[in-house]
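**Student:** I'll drop the sequence and a predicted model, then ask my questions.
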Amino acid sequence: MKALLIEANGKTGLHDVPDQEPGDGEVLIGIRHVGLCGSDLNTFRGLNPLVELPRIPGHEIGGEILATGAGVPAGLRPGMAVTVLPYTSCGRCASCRKGRTNACRYNRTLGVQQDGALKERLVVPHDKVVPVDTIAPRHLALIEPLSVGFHAVERGRIQPGDKVLVLGCGMIGVGALLGAVRRGAEVTVQDIAADKLALARELGAAHTIDPNAEDPAAAVARLTGDDGFDLVIEAVGVPETFVQAVDAAGFAGRVVYIGYCKAEVGYRTQLFNLKELDIMGSRNATLDDFAAVIGCLEEMGDRADRLVSTTFPFAEADQALPFWEANRATELKIMVEMS
């Protein structure tokens, strides 16, 4: 079968790879749609230290069950539309023992620490398969990236009426926006791309901040009556926004970091204490987050098409990452359509 490989830094190509058959407890999925993630782009750019090349990318998955191995529950049948929880959990590390398997110390995400889904067929354990028949097949690959933002919202303990700032309006930031709006928060989104800010307002953001047009600190003071935000969710991953998240949080506020910064960050650490901030990381997502996103996409219907900026056919998948590299400022979600 054919697969897309990131062969080396800045180089991709379609290759023949061995076909797969499901073993005991496994499910064979025919891949229909794969979304490209920022981790895939960083792998292509040579900036992902978790990846060894060559690597088949892709962990945002929409597909159909083709076959099941022995011991797979009867509820999983050929022909079912599914997505995949693309993380592993060892069951033994401290995170797993605490029930937080999404933060497993030894996690191996599809497309990162192991080959991913940008191939014609994929075999996965049956407990990672999530049947979904209530949304359009083309939206199945949106579930995982949005769920990462939803998980950050869960970590942030949002209550109705909270004032929330989301830094960054990529796909993960959009997930945080949608999740926070669903919980009754008043959400402000900051991004440098005007079209992404327009989309944020369309999706329910009460306010937007364009750092190219106004000073972000002045905007925070204006929008919060100088109180700062109850919660700041950082979804950019650069030193400036890591610091801004702490500055923009109000006294007794909360900060959630989704991504991680590749460079050192210099903080005014007195703000941690003076504001008595809760500062949290957020990693991956859970099945509960998947369920919440599925409910959101059910409500959105065809409006979810607005979340996909460009679609490549599988035959041209080797052009997708170079295209994204050249258009990082404007692209929200690049999708590969397999058939």
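**Tutor:** Good, I have the coordinates.
**Student:** Domain map for the protein?
**Tutor:** Domain ranges of the chain: 2-133+308-337, 147-281, per automatic domain parsing.
**Student:** okay, these in a markdown table with mean pLDDT next?
**Tutor:** Listed next are the domains of the chain as a markdown table, based on pLDDT from 0 to 100:
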| stretch | mean pLDDT |
| --- | --- |
| domain 2-133+308-337 | 97 |
| domain 147-281 | 97 |
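**Student:** Format those domains as CSV; extra columns: mean neighbour count and distance to residue 291.
**Tutor:** Any C-beta I mention is one placed from the backbone N, CA and C, and that applies to glycine too. Shown next, in CSV, are the domains of the chain (neighbours: other CB atoms under 10 Å; distance: least, CB to CB, whole Å):
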stretch, mean neighbour count, distance to residue 291
domain 2-133+308-337, 18, 9
domain 147-281, 20, 9
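**Student:** of all these, which lies closest to residue 294?
**Tutor:** With CB to CB, the closest approach to residue 294 among the domains of the chain belongs to domain 2-133+308-337: 5.8 Å.
**Student:** circling back to that earlier point, output the domains of the chain as JSON lines; include the columns distance to residue 139.
**Tutor:** Listed next are the domains of the chain as JSON lines, based on distance: least, CB to CB, whole Å:
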{"stretch": "domain 2-133+308-337", "distance to residue 139": "7"}
{"stretch": "domain 147-281", "distance to residue 139": "13"}
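**Student:** Out of those, the one nearest residue 141 is which?
**Tutor:** Closest approach to residue 141 among those is made by domain 2-133+308-337 (4.1 Å; CB to CB).
**Student:** Of all the domains of the chain, which one is nearest residue 295?
**Tutor:** Closest approach to residue 295 among these is made by domain 147-281 (8.3 Å; CB to CB).
**Student:** Quick check: end-to-end length of the closest one?
**Tutor:** One end of domain 147-281 sits 15 Å from the other (CA to CA, to the nearest Å).
**Student:** Centre of the chain to it, how far?
**Tutor:** The gap between where domain 147-281 is centred and where its chain is centred comes out at 16 Å by CA atoms, centre = their mean, to the nearest Å.
**Student:** before we move on, what about stretch 31-40?
**Tutor:** Centroid displacement of stretch 31-40 relative to its chain, using CA atoms, centre = their mean, is 10 Å.
**Student:** first to last residue in it, what's the distance?
**Tutor:** Counting by CA to CA, you get 17 Å between the two ends of stretch 31-40.
**Student:** Over to stretch 150-162?
**Tutor:** Start and end residues of stretch 150-162 are separated by 16 Å (CA to CA).
**Student:** Please tell me how far residue 140 sits from residue 34.
**Tutor:** Distance, residue 140 to residue 34, by CB to CB, to the nearest Å: 10 Å.
**Student:** what is in contact with those two at once?
**Tutor:** Shared contacts of residue 140 and residue 34 (CB atoms under 8 Å, 6 or more residues apart in numbering): 61-62.
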